[in-house]
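[1] kindly return the folded structure for what I paste below:
(one chain, ligands or ions: 1)
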Amino acid sequence: MLEVENLDLHYGQSRILYEVSFQAPKGQITTLIGNNGVGKTSALKAIAGRHPASAGTITVDGTLVRLTTAFQAANAGISYVPQGREVFPMMTVEENLETGFACLPKADHHIPDHIYDLFPVLRDMKARRGGDLSGGQQQQLAIARALITRPRVLLLDEPTEGIQPNVIQQIGDALRLLRTQGEMAIVLVEQNADFAYALGDSFIVVEGGRNGPRKLKADYTKDMLIADLAL
Ligand SMILES: Nc1ncnc2c1ncn2[C@@H]1O[C@H](COP(=O)(O)OP(=O)(O)OP(=O)(O)O)[C@@H](O)[C@H]1O
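    Next up, the predicted model:
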């Protein structure tokens, strides 16, 4: 379970987040939605240790985590799949995956089969440079790389952006499988209404740097989601 409480964030003098609070239970996909620029990516960055929060607390499975670097977040069990993927273009697929080893004990410095089973195309393209993969393949690589550290919290920022429909389907299937396995809380930021609604178990609307209440799927229609995406 990820618990975020009263998160504030600034870029210089500009305040972006105002007491953002939400919970993301293990074995569920918690979806943050809202219009461009409302602060969804900033919230993920703070949770991922990519940008310091100005105030607030982040708790993973009951343990308060202090985050000022991405390495600390990874050690606290938080993995982040950034918008734009950030695959290392000159490194092979295998080398990209191996970058996740930094926070694992030496005995675990191997790529588990289940990672390649989740995204078989990566097994076939192990030796290919990251920069030579298609956008969809890069997105699968970015998710696979985030899973190498065996996270308890997986943060995904717009994983379907610019991706063709058949790969979106594969990414959706992979996330459903991870949800079923129940070992991590998944937080999804998504502008694709179909994908967000199909995958989300609960929805948190972010508006002007503030978040509203958590809405369960049973109380939330796709039309409501489409309206909230525009807020
Ligand atoms: N590094 C930065 N320095 C200054 N301002 C920033 C920085 N990154 C984002 N912002 C601003 O912070 C606000 C929130 O941006 P953020 O990317 O978190 O929103 P978002 O909801 O994820 O939007 P999008 O869907 O477009 O990614 C925006 O006004 C944006 O211009």
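[2] in a helix, Gln139, correct?
    Yes. Residue assignment for Gln139, taken from DSSP: H, G, I helix; E, B strand; the rest coil, places it within a helix.
[3] count the residues that sit near it.
    If you count neighbours by other C-beta atoms under 10 Å, Gln139 ends up with 27. For glycine as for every other residue, the C-beta is placed from the backbone atoms N, C-alpha and C.
[4] what comes up buried for the lengthiest helix in the chain?
    Counting by DSSP state H, the longest helix found in the chain is helix 165-181. Going by neighbour count (16 or more other C-beta atoms under 10 Å), the buried part of helix 165-181 is 167-168, 170-172, 174-175, 178-179.
[5] so which of the residues you listed is the closest to Gly208?
    Among those, Leu175 lies closest to Gly208 (C-beta to C-beta), at 28.1 Å.
[6] surely that closest one and Met184 touch.
    No. If you go by C-beta atoms under 8 Å, Leu175 and Met184 don't touch, sitting 10.4 Å apart.
[7] what residues does the helix or strand of the chain with the lowest mean pLDDT touch?
    Comparing every helix and strand of the chain by mean pLDDT, DSSP states H and E singles out helix 70-75 as the least confident one, with a mean of 83. With contact meaning C-beta atoms under 8 Å, 6 or more residues apart in numbering, helix 70-75 is reached by 47-50, 65-67, 80, 100, 102-103, 149, 151.
[8] for the longest helix of the chain, packing partners?
    Helix 165-181 sits against helix 113-118, helix 135-147, strand 185-189, helix 193-199, with contacts defined as 3 or more C-beta pairs under 8 Å, 6 or more residues apart in numbering; DSSP states H and E.
[9] flag every residue of this protein that's near the ligand.
    The chain comes close to the ligand at residues 11, 14, 16, 34, 36-42, as judged by C-beta under 6 Å from any ligand atom.
[10] list the buried residues for the least confident helix or strand of the chain?
    70, 73-75.
[11] put the alpha carbons of the helix or strand that that helix is followed by into CSV.
    Downstream of helix 70-75, the first helix or strand assigned by DSSP states H and E is strand 78-81. This file holds the C-alpha atoms of strand 78-81, laid out as CSV (Å, rounded to 0.1, in the frame of the first residue of the first chain):
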residue,chain,number,x,y,z
ILE,A,78,9.1,2.5,-5.6
SER,A,79,9.6,2.1,-9.3
TYR,A,80,8.8,4.8,-11.9
VAL,A,81,8.1,4.5,-15.6
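[12] ok, strand 78-81: who's next to it in the sheet?
    Paired neighbours of strand 78-81 in the sheet (DSSP bridges): strand 153-157 (parallel).
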